[in-house]
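Trainee: Sharing a model that was predicted from the sequence below.
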Amino acid sequence: MSKARLVITAVLIEGRSQSEVARTYGVSQGWISRLISRYRLEGDAAFEPRSRRPRTSPTRLPQATIDLIVALRGELAGKGLDHGPQTIAWHLLHDHAITVAVSTIHRHLYAAGLITPAPQKRPKSSYIRFAAEQPNERWQADFTHWWLADGTHVEILDFLDDHARYALSVTAHYRVTGAIVVSEFRKAVAHHGIPASTLTDNGMVFTTRLAGGKGGRNGFETELHRLGVTQINSTPNHPTTCGKVERFHQTLKKWLNEPPRDVRRLSVVRAQPMATARR
């Protein structure tokens with residue numbers, strides 16, 4: 001029998017005084033008075049354990065902010081953009097002047113059923129993160145394939161800052177050639193400055209180092225050498241070395257796929273092969 005039931009029995013059935021019962025069971029008279037009041041109002045429900053959760057929480061986010069977090073999650077996902085807690089935190093700060101911790105956003109997304117646990121994933125602490133410490137310390141570059149609304153195949157060339165993952169240049173072409181890589185690199189340099197180093201895969205438009213020793217630097221390597229830029233190439237068959245630009249390709253393709261009218265804007269490539277892939 002619970003202590004609460006023993007106290008109620010002693011006071012209401014046995015007729016003992018509250019002070020005596022309080023001394024016997026080591027509780028306060030105030031607790032006994034509240035227990036008796038609940039018992040008279042609720043009956044046996046008064047014996048059930050009570051939640052210790054505070055009635056108010058001064059640090060809890062306003063409901064309007066929680067609703068905004070959920071709405072931003074759906075809006076960004078619907079546009080094919082990154083919609084993780086860090087991105088949502090950025091939009092809250094810059095678009096709504098609201099500062100919310102990334103961990104708090106994650107907690108509310110999880111509570112709303114918008115994050116699916118993935119226990120098979122390795123913990124973040126097990127990864128070694130490689131990132132440039134300063135802007136323009138390293139640029140990553142690569143190109144990916146896309147098809148326009150009318151079925152025309154194009155290739156999209158990207159230059160990405162390794163430090164902030166900032167898209168320095170995003171351009172679409174019928175076919176990415178060595179000359180195009182040099183041209184777009186020069187435009188990016190003119191706008192953003194000269195990087196200390198570049199990181200690319202071993203595609204022939206970026207390097208000839210795996211071409212069997214058949215000859216010299218290509219145009220991109222020559223330009224890097226002229227500017228004093230250190231060239232870094234990934235290990236063959238290890239695309240994760242250039243993981244940031246590869247991940248950017250995923251976000252870009254999701255954006256291009258939502259909605260179809262955004263894809264059609266790429267159709268300017270027909271009239272102008274150097275057309276941009278941006279909005």
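Mentor: Yes, it's here. Residues are numbered from 1 along each chain as shown.
Trainee: what number of residues lie near Leu76?
Mentor: The local packing of Leu76 (other CB atoms under 10 Å) involves 16 other residues. (C-beta placed from N, C-alpha, C; glycine too.)
Trainee: For the strand or helix carrying Ser169, name the packing helices and strands.
Mentor: In this structure, Ser169 sits in strand 167-173 according to DSSP states H and E. Judged by 3 or more CB pairs under 8 Å, 6 or more residues apart in numbering; DSSP states H and E, the packing partners of strand 167-173 are strand 153-161, helix 178-192.
Trainee: So which bits of that strand are buried?
Mentor: Residues 167-173 are the ones in strand 167-173 that count as buried (16 or more other CB atoms under 10 Å).
Trainee: just to revisit the earlier point, please identify the most buried of the helices and strands packed on strand 167-173.
Mentor: Stretch with highest mean neighbour count among the helices and strands packed on strand 167-173: strand 153-161 (a mean of 21; mean count of other CB atoms under 10 Å).
Trainee: Show me what that strand is in contact with.
Mentor: For strand 153-161, the surrounding residues in contact (CB atoms under 8 Å, 6 or more residues apart in numbering) are 132, 135-136, 138-148, 166-176, 180-181, 184-185, 188, 192, 244-245, 248-249, 252, 266, 269, 277.
Trainee: could the helices and strands packed on strand 167-173 go into a markdown table alongside mean pLDDT?
Mentor: A markdown table is the format used below for the helices and strands packed on strand 167-173 (pLDDT from 0 to 100):
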| stretch | mean pLDDT |
| --- | --- |
| strand 153-161 | 94 |
| helix 178-192 | 96 |
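Trainee: Which stretches in this protein count as helices?
Mentor: For the chain, helices defined by DSSP state H occupy the ranges 3-8, 18-25, 29-42, 63-78, 85-96, 102-111, 178-192, 219-227, 243-256, 260-264.
Trainee: sorry, back to before: between the strand holding Ser169 and helix 243-256, how big is the angle?
Mentor: With axes from the mean of the first three to the mean of the last three CA atoms, to 10 degrees applied, the angle from strand 167-173 to helix 243-256 works out at 60 degrees.
Trainee: gap between stretch 198-215 and the chain center?
Mentor: Distance of stretch 198-215 from its chain centroid, counting by CA atoms, centre = their mean, to the nearest Å, is 33 Å.
Trainee: quick one: buried residues of it?
Mentor: By 16+ other CB under 10 Å, the buried positions in stretch 198-215 come out as 198-201, 203, 205-208.
Trainee: How about Thr207, nearest residue that isn't a chain neighbour?
Mentor: Spatially, and ignoring its direct neighbours in sequence, Thr207 is nearest to Asn233 (5.4 Å; CB to CB, 6 or more residues apart in numbering).
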